[in-house]
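1. Mind looking at a prediction? Sequence and model below.
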Amino acid sequence: MSDQEPVLKGVNAIKGGPRALRLYMDMCAKCGTCAEVCTVYYGKKDPKYNPAHRSDLIRSLYKRHNTLAGKIFGGLAGAKDFDQAEFEEWQDIFYSCTTCRRCAQFCPVGIDNSVITRKGRTILDGLGRTPARLQKVVKTALDTHNTDGASPDAFNAAIAFIEEEMREEHGVDIKIPVDVVGAEYFYLPPSGDALVNIEATMGVAKVFHVLGMGDKWTMSSKCFDGANYGLFTGNDAHMKATNKACVDEAKRLGVKVLLMGECGHAHRVMKRMMESSKWWGDLPFQVINCMEWTAEQIRAGKLQFDKSKNPESVTYHDPCNFAKSCNIIEAPRVILRAACTKVREMTPHGAENWCCGGGGGLAAMNEILEFRMTVSGVKKHEQIKATGAEYVATACANCKRQLAQLMEHHKEDIAVGGVHDMLSRAILVDGKAANRKCYE
Amino acid sequence: MGNSAFLVGGVLPYLAAVVFVVGVVYRLLTWRRVPQPASMTLYPTQGASWGALVKEALFFPSLFRGDKTLWIFAWSFHVALALAFIGHLRVATGVIDRGLAAVGLGAAGMAMLSAVAGGFAGVVLIATVLLLLGRRMLVARVREISKTPDFLALLLLVAVITTGDLMRFGASHVDLAATRAWAASLLTLSPAVSLPPTFLLHLFFAQLLVLYIAFSKLMHFGGFFFTFSLIKGSQP
Ligand code: HEM
Ligand code: SF4
Ligand code: SF4
């Protein structure tokens, strides 16, 4: 069966926008700079990983049917007819771009290949060709409002467990308010930070406690996952539905601040897409990230630390969505420098940092583990190793998964964790740092 | 006046001019018209002020950070292209000469400036275009994404520049009085084409290139401003 018709329908729609895509169809200089700076192509110099090649899958079809030159001159103008055999490779190729946007930072004519990648994924999704694992995550999220498929009871149990842990660590009660209507802050982490890697949530809870604001914030037992896989699968309807559930919950709780957790794409969708494009009109609350918020408290001198609790050398991996799309670069460093003895930087770091190799939803895909370890993760492994760090902190559930697997694959004795995790281990509560257990 | 000479010097110029202007304006307007619902700021950015855009256009800083070798080739190429473009205005009109004379440049000085700046541009252009072409054929990551139009653009440039350089460095230096008379005749819509064959050949290729621009990636000279305002645009 040929998928020609729906594919061309999707491609031809570019004629009507968005403007960025339309421009990208018209003017790639084919200069190869994107390949030079691409995380994936760095790992393996295979033509199918060349960003301009990937983008040309769509561009050549677009030209064939939507440009005068392509209609008349065909191949001479860089146009191509639909080819089912080539289309069969689309899933593989469009899911071997991490949508990190690094290419766009160096392209001489300003092309962001991740936008074309997402378009390719949108077309695939329309044909039910999104990788099975991601389809499942999206469905779980739409059904249960979290990507782990956890029930409110499971969430409440996890929160009770976290509170108990904190009591053991500090000998005092540090509360995590749940479902409190009228709270000021609504903390929305990636679900993993509440259910599995609990230290990040402990860190946030301790910050509120130390500030004497233990009763001013809340989490929600119905909405505790900011993750939004519709961004990755290119399905705008799913992305908006997932997002709307979170926004509605924030409105229901009547909060003034939606405090996003350590999850890059969740923050980007909420701040740079939903808020700035006004998906749901004007909002009764502000969107800020928990790292910005905590960093502000540290700068104001309101939090104290015992750095000796974090003696290992630490490096910070900038999640692409935070650094490249949201400009949250300094805040995590403020936290780490306050809480850790030794903080080292990768080269380069900040906005031009290299992707972990698991961006764009790839980290969740077990079926491409080999690719993530031996192709897209190669540069990151080299970068981390070069710092000599013993702990890589990062602020994104997907980066963490990819990095932890990467360290294991390469048999590195390097721990991977969050930013508030390090804060949680060193922050002084009633003058004392945690008497800490090991959670790994 | 032969038929083909008249076609190249008396018909094609009008066609090329109309196609270029209509084509370029059409594409700029469609880009402007097509909606962009989402902002897509990419950091680091100082915002998409005109100053930032002009700086990007003049010095290619993004490319500089990404690929130094290509930056040298591409930047020198574009600078030489700009020089050559300005120099070509002298072929068609005496305005620049009169301007230069007004600031005190004599005929000898003018010939000297033309020889130095024009000669420089002529050499740099052919050198950089050949380097770009060589790179396209030899560097794997560029070769594997190059298709017919990518070579076509460069080959057209080679043709335009070689024929141009032949006139500058070859035996038959072009007679500016004759070309200016021809240009003036075009403006009065009564083309009188009495031009040497090398000039006609150069003109032919140059016009093919001009015709090609609106239909090709060479439109990057205009699209560039749109794409960069999109990714450099600041957000609240
Ligand atoms: C405004 C900023 C500009 C940037 C950043 C830019 C960038 C580039 C780059 C990277 C190439 C690729 C060379 C290659 O790999 O083959 C190129 C080629 C070229 N550019 Fe530009 N350009 C700009 C403006 C212009 C302008 C104003 C013109 C004049 C019409 C122009 C005409 C050309 C031509 C004729 C080529 C060679 C054709 C080719 O390589 O296919 N460019 N440009
Ligand atoms: S860097 Fe930009 S212009 Fe060059 S090949 Fe990549 S997308 Fe095309
Ligand atoms: S977005 Fe990242 S992974 Fe995708 S082509 Fe660009 S640099 Fe490569």
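-> Arrived safely, thanks for sending. Ligands and ions are numbered 1, 2, ... in the order given.

2. ok, the most centrally placed residue in chain B - contacts?
-> With distances taken as C-alpha atoms, centre = their mean, B:L81 lies nearest the centre of chain B, 5.3 Å away. By C-beta atoms under 8 Å, 6 or more residues apart in numbering or on different chains, B:L81 lies in contact with B:A121, B:L125. In this view, the C-beta of every residue, glycine as well, is placed from N, C-alpha and C.

3. just checking, it is part of a helix?
-> Yes: assessed by DSSP: H, G, I helix; E, B strand; the rest coil, B:L81 belongs to a helix.

4. Pick out the residue in the stretch 201-350 of chain A sitting closest to ligand 3.
-> A:C320 (7.7 Å; C-beta to the nearest ligand atom).

5. I figured that residue hits A:G264, correct?
-> Yes: in this structure, A:C320 is within contact of A:G264 by C-beta atoms under 8 Å, at 6.7 Å.

6. Quick one: neighbours of the residue of the stretch 201-350 of chain A closest to ligand 3, just the number.
-> Neighbours of A:C320 under the rule other C-beta atoms under 10 Å in any protein chain shown: 29.

7. excluding its backbone neighbours, what's nearest it?
-> Excluding its sequence neighbours, the residue lying closest to A:C320 (C-beta to C-beta, 6 or more residues apart in numbering or on different chains) is A:C100, at 4.1 Å.

8. residues contacting that neighbour?
-> Counted by C-beta under 8 Å, 6+ apart, A:C100 has contacts A:T39, A:S114, A:C320, A:K324, A:W354, A:C355, A:G359, A:G360.

9. Would you agree the second one is in contact with A:A104?
-> Yes: taking contacts as C-beta under 8 Å, A:S114 lies within contact range of A:A104: 7.0 Å.

10. Helix or strand: which one has the residue of chain A most remote from its centre?
-> Distance from the C-alpha centroid of chain A peaks at A:I72, with 42.8 Å (C-alpha atoms, centre = their mean). Using DSSP states H and E, A:I72 falls within helix A:68-73.

11. packing partners for that helix?
-> In terms of contacts (3 or more C-beta pairs under 8 Å, 6 or more residues apart in numbering or on different chains; DSSP states H and E), helix A:68-73 is packed against helix A:51-66.

12. what's the offset of the helix it packs on from the middle of its chain?
-> How far helix A:51-66 lies from its chain's middle: 27 Å, per C-alpha atoms, centre = their mean, to the nearest Å.

13. Can you spell out which helices and strands pack onto it?
-> Right, helix A:51-66 is packed against helix A:4-12, helix A:19-26, helix A:33-37, helix A:68-73, helix A:90-94, helix A:113-126 by 3+ C-beta pairs under 8 Å, 6+ apart.

14. So for it, what gets flagged as buried?
-> A:51-64, A:66 (16 or more other C-beta atoms under 10 Å in any protein chain shown).

15. Those also near ligand 2: which ones?
-> A:P51, A:A52 (C-beta under 6 Å from any ligand atom).

16. before we move on, back to that, what about the residue nearest to the centre of chain B, distance to ligand 3?
-> 28 Å (C-beta to the nearest ligand atom, to the nearest Å).

17. out of everything not next to it in sequence, what's closest to residue 42?
-> Using chain A. Per C-beta to C-beta, 6+ apart, closest to A:Y42 is A:K379, 4.8 Å.

18. wrong one, chain B
-> Distance criterion C-beta to C-beta, 6+ apart; nearest residue to B:L42, sequence neighbours excluded, is B:I231 at 4.2 Å.

19. Contacts only, for that neighbour.
-> Per C-beta under 8 Å, 6+ apart, neighbours of B:I231: A:A104, A:G110, A:D112, B:M40, B:T41, B:L42, B:T45.

20. Let me have those residues in CSV, extended by pLDDT and distance to ligand 1.
-> Compiled in CSV, the contacts of B:I231 are given as follows (pLDDT from 0 to 100; distance: C-beta to the nearest ligand atom, whole Å):
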residue, pLDDT, distance to ligand 1
A:A104, 97, 13
A:G110, 96, 8
A:D112, 98, 15
B:M40, 92, 19
B:T41, 94, 19
B:L42, 96, 16
B:T45, 88, 16
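
21. tell me, which of those residues make contact with ligand 2?
-> For ligand 2, no contacts are drawn from the contacts of B:I231 by C-beta under 6 Å from any ligand atom.

22. Can you redo these as TSV, where the extra columns are distance to ligand 3?
-> Below are these laid out as TSV (distance: C-beta to the nearest ligand atom, whole Å):
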residue	distance to ligand 3
A:A104	7
A:G110	13
A:D112	8
B:M40	13
B:T41	16
B:L42	11
B:T45	17
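
23. Just give me the closest of those residues to B:S114.
-> A:G110 (35.3 Å; C-beta to C-beta).
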